[in-house]
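A.B. asks: Make a model of this:
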Amino acid sequence: MTDSILTKDTKAKIKRLAYYQIIGGLVGTLLSIYSIIKSESPASYIYFLAATLMVFNLFTIFSGQQLITGKVKRGLLLSLICQIPQIINFTIAGFGFTLVSGILISIGVDYTQSFKLVMNSGFSMLAFNWNNQDASIIFNINIVAAFWTAQIVKIQEEIKYRERLLEGLTL
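C.D. replies: Coordinates of the predicted model:
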C-alpha cells in the first residue's frame, strides 16, 4: 500500500537511498575482507574491527534490499538506524569513534590547540581509539550521513501524511 501513495519523486529518492545503502555496504564489506587478508599484525582488535564493520555493512545492504523489494517503511527505519551513528565522529583525549558505511565527507572543529576547521573524506570505515596518548579534541559531522538522515525523515513524514490523508478520504 505504501508504494501506491508515494509520488514519483519520492520513489526515486527511495531508490537512490537503496542503491547508496547496497553499494556502500558492498564496498565496505569488501574493504573489511581486504583489511583482514592484508593485515600483517595478527592483533585480535584488527579482526574485531573488521568483523564489526562487516556486520554493519551487511546490515546496511539488508536495509537497501528492503527498500528495493518494496518494504519501504521497514527499509526506511533500518536505513535510519544505519545512518544515525554515522553522523558524528569524534576524538576526545585519546578516545575516538568514526563509523562510515558508504561515503564520508565531514566538516568539523579541532579544539586541541585552538579553534581550527577540519574536513575529511573517505569511504566505509570503522575506527575506535581508546586510551591513545593523543590529547586531541575533534568533532566532525558527516555531511553525507546527515543528508540521508534528513531525507529518510522527510520520506517517513510524507508517508505518514499521505496515509492519514488517505484514511480521511476512506472514512
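A.B. asks: got the residue ranges for the helices in the chain?
C.D. replies: Assigned by DSSP state H, the chain shows helices spanning 2-5, 8-38, 44-68, 72-87, 143-170.
A.B. asks: Could you give me the buried positions within the second one?
C.D. replies: When burial is assessed from 16 or more other C-beta atoms under 10 Å, helix 8-38 yields the following buried residues: 10, 13-14, 17-18, 20-22, 24-29, 31-32, 35. C-beta: built from backbone N, CA, C; applies to glycine.
A.B. asks: okay, the helices of the chain, which one's buried deepest?
C.D. replies: helix 72-87 (a mean of 20; mean count of other C-beta atoms under 10 Å).
A.B. asks: Kindly export that helix (C-alpha atoms) in PDB.
C.D. replies: Provided in PDB are the C-alpha atoms of helix 72-87 (Å, rounded to 0.1, in the frame of the first residue of the first chain):
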ATOM      1  CA  VAL A  72       9.600   0.800   2.300                       C
ATOM      2  CA  LYS A  73       8.600   1.500   6.000                       C
ATOM      3  CA  ARG A  74      10.900  -1.200   7.300                       C
ATOM      4  CA  GLY A  75      13.700  -0.300   4.900                       C
ATOM      5  CA  LEU A  76      13.500   3.400   5.900                       C
ATOM      6  CA  LEU A  77      13.600   2.500   9.600                       C
ATOM      7  CA  LEU A  78      16.600   0.200   9.100                       C
ATOM      8  CA  SER A  79      18.300   2.900   6.900                       C
ATOM      9  CA  LEU A  80      17.800   5.500   9.600                       C
ATOM     10  CA  ILE A  81      19.300   3.100  12.200                       C
ATOM     11  CA  CYS A  82      22.300   2.800   9.800                       C
ATOM     12  CA  GLN A  83      22.700   6.500   9.100                       C
ATOM     13  CA  ILE A  84      22.400   8.000  12.600                       C
ATOM     14  CA  PRO A  85      25.600   6.500  14.200                       C
ATOM     15  CA  GLN A  86      27.500   7.800  11.100                       C
ATOM     16  CA  ILE A  87      26.600  11.400  11.600                       C
END
